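[1] Just need the structure, nothing else, for what follows:
(2 chains)
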Amino acid sequence: QVTLKESGPGILQPSQTLSLTCTFSGFSLSTYGMGVGWIRQPSGKGLEWLANIWWDDDKYYNPSLKNRLTISKDTSNNQAFLKITNVDTADTATYYCARMRPWELYFDYWGQGVMVTVSS
Amino acid sequence: DIQMTQSPASLSASLGETVTIECLASEDIYSNLAWYQQKPGKSPQLLIYDASSLQDGVPSRFSGSESGTQYSLEINSLQSEDAATYFCQQHHDYPPLTFGSGTKLEIK
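    Numbering: from 1, shown residues only, chains lettered A, B, ... in the order given. As a prediction, the model looks like this:
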């Protein structure tokens, strides 16, 4: 059974760095072709892909967030991480991590999401 | 970037009816399209990938099709549990991966 769960700070102030953790089970990021992605959704709005990391540590980022994103993984502990630097109120959203089936660019299992609020 | 134009933004239909939601890709995505269902307060769930392949466990009343760069999600025999927001996503080329803006389906 594949499960993913996100964790994060809940609330942070503008200009701080947001650190998110995705803890998963039922699959391994050391499996050939496997990937994990991060997607966010402001309340009542659409979905925005942020980044994803592959089994071989290859990483892809959304160019619209320029150089603010860093994705990483800890394969031995079944975790993936996302950092967003210099947050702004526009980063207030629910953040999801999701599994990417080997060699595929869609998301077949999603976490429950973690709500993050950026406020002074 | 590949733009996904989804329509309609919302629709209302009765139990047992059939509805169609569409996504238009800004360029050829070679059938690399996924559909997700998101119920209020829940995370999205994969319904269809590769334009017409049904994810395991998804009822057969959901189906996907394509015509050129236009992709459609059809839901037959609407049931109350189908009330949700539906999103398309191109999985052909990235970065970035891109989603449609969503269609909110209300069941009368």
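[2] Only C-alpha atoms from now on, for both contacts and neighbour counts.
    Fine.
[3] Surely A:Ser19 is within a helix?
    No - assessed by DSSP: H, G, I helix; E, B strand; the rest coil, A:Ser19 does not belong to a helix; its assignment is strand.
[4] which one is it nearest to, not counting chain neighbours?
    The shortest distance from A:Ser19 to any non-neighbouring residue, by CA to CA, 6 or more residues apart in numbering or on different chains, is to A:Lys83 (4.6 Å).
[5] and A:Lys66, what pLDDT?
    Reported pLDDT at A:Lys66 in the predicted model: 72.
[6] so what's the residue nearest to A:Ser19 bridging to?
    Using DSSP bridges, the beta-bridge partners of A:Lys83 come out as A:Ser19, A:Thr70.
[7] burial measure for B:Asn76, as a count.
    B:Asn76 has 17 neighbouring residues, counting by other CA atoms under 10 Å in any protein chain shown.
[8] Please tell me how far it sits from B:Ser63.
    From B:Asn76 across to B:Ser63, the span is 8 Å (CA to CA, to the nearest Å).
[9] next one: A:Gly35
    Distance of A:Gly35 to B:Ser63, computed by CA to CA: 26 Å.
[10] Could you check which of those two is surrounded by more residues?
    Legend: neighbour count by other CA under 10 Å for A:Gly35 and B:Ser63, higher for A:Gly35 (28 against 20).
[11] what's near enough to touch the spatially most central residue of chain B?
    With distances taken as CA atoms, centre = their mean, B:Trp35 lies nearest the centre of chain B, 3.8 Å away. Shown in contact with B:Trp35 (CA atoms under 8 Å, 6 or more residues apart in numbering or on different chains): B:Leu46, B:Leu47, B:Ile48, B:Tyr49, B:Ala51, B:Leu73, B:Tyr86, B:Phe87, B:Cys88, B:Gln89.
[12] which among those end up buried?
    Buried by 16 or more other CA atoms under 10 Å in any protein chain shown: B:Leu46, B:Leu47, B:Ile48, B:Tyr49, B:Ala51, B:Leu73, B:Tyr86, B:Phe87, B:Cys88, B:Gln89, out of those.
[13] what sits against the residue nearest to the fifth one when sequence neighbours are not counted?
    Spelled out, that is B:Ala51. Closest residue to B:Ala51 apart from its sequence neighbours, by CA to CA, 6+ apart: B:Leu33 at 4.8 Å. If you count contacts by CA under 8 Å, 6+ apart, B:Leu33 has them with B:Ile48, B:Tyr49, B:Asp50, B:Ala51, B:Tyr71, B:Cys88, B:Gln89, B:Gln90, B:His91, B:His92.
[14] Closest to B:Ser26 out of those?
    In terms of CA to CA, no member of the contacts of B:Leu33 lies closer to B:Ser26 than B:Gln90, at 10.4 Å.
[15] partners of that closest one in the sheet?
    In this entry, B:Gln90 is beta-bridged to B:Leu33, B:Thr98, by DSSP bridges.
[16] how deep is it tucked in, by neighbour count?
    A total of 28 residues lie near B:Gln90 under the criterion other CA under 10 Å.
[17] In helices, which of the contacts of B:Leu33 appear?
    With DSSP state H as the criterion, helices contain none of the contacts of B:Leu33.
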